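Q: sequence and predicted structure, then a few things I'm wondering about:
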Amino acid sequence: MLIGILQAGHAPAGLVPGDAGYSRLFQDLLAGHDFTFRTWNVVDMEFPDGPGDADGWLITGSRHGAYEDLPFIAPLEDLIRAIRENGRPLVGVCFGHQIIAQALGGMVEKYAGGWAVGRSDYNWQGSPLALNAWHQDQVTRLPDGATRLATSTFCENAALAYGDTIFTVQAHPEFDRDQLAALIETRGAAVEPDRLDRARALLDEPVDNDRLAAMIGRFFREGVAA
């Protein structure tokens, strides 16, 4: 199964070994699930011809906001709607989670409560789950047809499903300890100091990236987002 990775931003230096970009993190996360991958750098206006260019799609994180007036935003929203209409499975992570919601009629805004950074606890359909987060923007209004899968005290709409073809999550299952540490050093200046201190203190605590990888793998293969 070919997964098309739509890379919506460039990773800061030192975040990914060899500066391979966010796409490499997702390929590593989904290793062992019998997928092949192709990457389009949509942030640089490199787009596929259409939904049929891959069997499933994944939109990465980005330092950009879904609501920003940038050249790649509108065509990416058009592609999201085309993928949905086509019925190919689509996964969104962080920015991907937000831009999908926006493209389908939801709203994304900066959260007045500041940043979520580091290990965060979620209620995932009644079960606890921990993932690394790095965001201030949030989905604040759900599109029609979206179902909430996970929430937290800091992020109400932490994971969403749209029928059996779209699955999105606000946190970063592709970020391990090293990526979080690199983000703290390279992009931590905008974050409240006490939250950076908390993130540093929790760097070595376990997170449930493997559980999310299994969910994403199952979703691509079977259309089950749970």
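A: Received the coordinates, thanks. Numbers count the residues shown, from 1 in each chain.

Q: first-to-last residue distance for stretch 33-48?
A: Terminal residues of stretch 33-48 lie 23 Å apart, using Cα to Cα, to the nearest Å.

Q: ok, residue 198 touching residue 118?
A: Yes. Using Cβ atoms under 8 Å, residue 198 is in contact with residue 118, at 6.2 Å. Backbone N, C-alpha and C define where each C-beta goes, glycine included.

Q: what about those two, which has more around it?
A: Using other Cβ atoms under 10 Å as the criterion, residue 198 and residue 118 rank with residue 118 on top: 25 against 13.

Q: for residue 156, see how far away the more buried one is.
A: 19 Å (Cβ to Cβ, to the nearest Å).

Q: residues in contact with the helix or strand bottoming out on mean pLDDT in the chain?
A: Least confident helix or strand of the chain, by mean pLDDT, DSSP states H and E, is helix 177-187 with a mean of 89. For helix 177-187, the external contacting residues (Cβ atoms under 8 Å, 6 or more residues apart in numbering) are 12-16, 25, 63, 117-119, 132, 134, 172, 175, 196, 199-200, 203-204.

Q: in that helix, what counts as buried?
A: Neighbour-count burial for helix 177-187 flags 179-184 (criterion: 16 or more other Cβ atoms under 10 Å).

Q: which element follows it toward the C-terminus?
A: helix 193-201 (DSSP states H and E).

Q: which strands or helices does that next one pack on?
A: strand 116-124, helix 177-187 (3 or more Cβ pairs under 8 Å, 6 or more residues apart in numbering; DSSP states H and E).

Q: so which of these comes closest to residue 3?
A: Residue 3 sits nearest to helix 177-187 of all the helices and strands packed on helix 193-201, at 20.0 Å, using Cβ to Cβ.

Q: and that closest one with helix 193-201, angle?
A: 150 degrees (axes from the mean of the first three to the mean of the last three Cα atoms, to 10 degrees).

Q: now helix 177-187 against strand 116-124, angle please.
A: Going by the same axes, to 10 degrees, helix 177-187 makes 140 degrees with strand 116-124.

Q: so how far is helix 177-187 off the chain centroid?
A: A distance of 17 Å separates the centroid of the chain from that of helix 177-187, by Cα atoms, centre = their mean, to the nearest Å.

Q: same question, stretch 55-63
A: How far stretch 55-63 lies from its chain's middle: 7 Å, per Cα atoms, centre = their mean.

Q: measure that stretch end to end?
A: 27 Å.

Q: no further questions, thank you.
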